[in-house]
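# Build the 3D model from these lines:
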Amino acid sequence: MAFTTGTSEAMRIDASGNVSIGTSSAQEKLHVYTTGPSRVEAESTTSIAGFKATNNQGSYAWYVDASADKFHLFDFTDSANRLTLDGSGNVGIGTDAPIAPLHVKATATGNLLVRDAALAKTGLTGTALTSVNDAVSATTPLTLEGSEFNFVQANTETMRIEADGKLQVGNNKAVWSGAYGGALFLKGDNITSNRYAQLAIVNSTGAIAQQGLILDSTGNVLVGTTSASAKLTIVQPSGADREVILAGIAGVSNGFQVRYISGAMQYVLSDLGTGTVSSASGVLSASSDQNMKIADGCVGNALDKISALTPRYFYWKDEDGNSDIDKGRQLGFFAQEVNKVVPEAAPEPKDGQDGWGVLDRSIVATAVKAIQELSAQVDELKAEVAALKGA
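Coordinates of the predicted model:
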């Protein structure tokens, strides 16, 4: 059946019931053809306007909203809009009110937005992926699932999270807060000497401002330098007085300290028998400043104490508990024996401290007092001898 206007055919319904407009050979139930722009329009002034498609699997319709500038894909089976395109170009999946170029609503309070990065944080550019609640008043947890995650910029991989959780970061790039402060650098390539880890202080562009600490490819630890001279190399910045404290607190008599004071190097051991070594003179001296002490009496019966001590020859034990001949036969004291006579010279170990020790200067002080006592006895005997000779 053909419909004509004048002598020209305008529409045809063929034997199969197919309708053709602008052509005599319909390929579908409705086939519209023109040599210029072609469109099919469904129009309504106050209600929806759309197109519906149905088969045994389901029924859907594309339609224009009756009350807003929006275009929807409607699911008749569940009576729900599955996709929405609004007049601003925003696309919503699972929501009729998209607020971003792509807005996916997964749960009642979980909304995934693909939007301008500046909306996520002022000053950023590019695109942001954000998970928010329905009120868009707070962010919500975002889970990314995959066997591996790769981050690429300018056709170069900058970071990777592998399936077992290992994190790979671009070679020799700063892992940092984005502002002046601490950063971690990881470097590695086919040249062994180029493999290292570094903790440093960086400026606002990520460039190293303070070298910090480096662990090189051979296990050397470097502080304040990039050139290792030993397993632990510490180089102080230039300046007047400075110090390196390996244990303890600055200004407190505790631990091991290396000081550079008034142009001279000092090594300070404290709480183990405090002492200093001056590199200028090479003299080992025990700190004994009166201004640092509070007097608490004098030694008594020193001669008896010295007489009660037992100097011994001995060998240090090796790992098997046998005499370590290589260290040689030595002369000294057993700390436990000294403790029974002069406790101050061999105090009991503190909790966590291994082994006993002897404070030699305490024994020296006791020995000096013993000599003084002995000298007093000699002077007394001399006086008695002189008196007898005078008689």
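# got a pLDDT number for Pro237?
As predicted, Pro237 sits at a pLDDT of 64.
# so what's the residue nearest to Lys105 when sequence neighbours are not counted up against?
Take Lys105 and drop its neighbours on the chain: the residue closest to it by Cβ to Cβ, 6 or more residues apart in numbering is Gly94, 3.8 Å away. Just so you know, the C-beta spots here come from the backbone N, C-alpha and C atoms, and that holds for glycine as well. Contacts for Gly94 (Cβ atoms under 8 Å, 6 or more residues apart in numbering) come out as 82, 104-106.
# Kindly recompute the last result at 10 Å.
Taking Cβ atoms under 10 Å, 6 or more residues apart in numbering, we find Gly94 in contact with 80-84, 103-107, 110-112.
# Quick one: the strands in the stretch 201-350 of the chain, in order.
Here the stretch 201-350 of the chain has its strands, by DSSP state E, counting those that start in this stretch, at 208-215, 221-223, 232-234, 242-245, 255-261, 264-270, 275-278, 284-285, 312-314, 330-332.
# Only C-alpha atoms, please: export the first one in PDB.
Taking Å, rounded to 0.1, in the frame of the first residue of the first chain, the C-alpha atoms of strand 208-215 are listed here in PDB:
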ATOM      1  CA  ILE A 208      66.300  18.200  48.100                       C
ATOM      2  CA  ALA A 209      67.100  21.000  50.600                       C
ATOM      3  CA  GLN A 210      68.800  18.800  53.300                       C
ATOM      4  CA  GLN A 211      70.400  15.500  52.400                       C
ATOM      5  CA  GLY A 212      69.100  13.700  55.500                       C
ATOM      6  CA  LEU A 213      69.800   9.900  55.600                       C
ATOM      7  CA  ILE A 214      70.900   7.500  52.800                       C
ATOM      8  CA  LEU A 215      71.000   3.700  52.700                       C
END
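# What segments of this protein are helices?
Ranges of helices in the chain, per DSSP state H, are 117-120, 302-308, 335-341, 360-390.
# picking that back up, how much space separates the residue nearest to Lys105 from Glu145?
Noted for Gly94: a distance of 19 Å to Glu145, by Cβ to Cβ, to the nearest Å.
# now swap in Asp65 and tell me
34 Å.
# Neighbour count: the two, which is higher?
Neighbour count, other Cβ atoms under 10 Å: between Asp65 and Glu145, Asp65 has more, with 17 against 5.
# Excluding residues flanking it in the chain, which one is nearest the more buried one?
Leaving aside its chain neighbours, Asp65 sits nearest to His72 (6.3 Å; criterion: Cβ to Cβ, 6+ apart).
# Contacts only, for that neighbour.
Per Cβ under 10 Å, 6+ apart, neighbours of His72: 48, 50, 61-65, 80-86, 92, 96.
# picking that back up, now for the helices of the chain, which one comes closest to Ile13?
helix 117-120 (53.9 Å; Cβ to Cβ).
# Neighbours of the closest residue to Val368 other than its chain neighbours, how many?
Nearest residue to Val368, sequence neighbours excluded (Cβ to Cβ, 6+ apart): Ala302, at 8.0 Å. Using other Cβ under 10 Å, Ala302 is surrounded by 20 other residues.
# these two touch, right, Ala302 and Gln372?
Yes. With contact defined as Cβ atoms under 10 Å, Ala302 and Gln372 form a contacting pair (7.6 Å).
# Touching both of these two, which residues are there?
What both Ala302 and Gln372 touch, as defined by Cβ under 10 Å, 6+ apart, is an empty set.
# TSV for the helices of the chain, including distance to Thr130?
Putting those into TSV (distance: least, Cβ to Cβ, whole Å) gives the following:
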stretch	distance to Thr130
helix 117-120	5
helix 302-308	79
helix 335-341	67
helix 360-390	69
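# And those: which comes nearest Thr54?
With Cβ to Cβ as the criterion, Thr54 lies closest to helix 117-120 of those, at 39.9 Å.
# For the chain, which residues score under the pLDDT cut-off?
178, 193, 237-287, 352, 391 (pLDDT under 70).
# Any figure for the gap between Tyr196 and Ser217?
With Cβ to Cβ as the criterion, Tyr196 and Ser217 are 6 Å apart.
# do the same with Gly206
Separation of Gly206 from Ser217 (Cβ to Cβ): 23 Å.
# domain ranges for the protein?
156-235, 241-287, 302-390 (automatic domain parsing).
# Of these, which is nearest Thr54?
Closest approach to Thr54 among the domains of the chain is made by domain 156-235 (44.1 Å; Cβ to Cβ).
# If anything else comes up later, I'll come back, but that's it for now.
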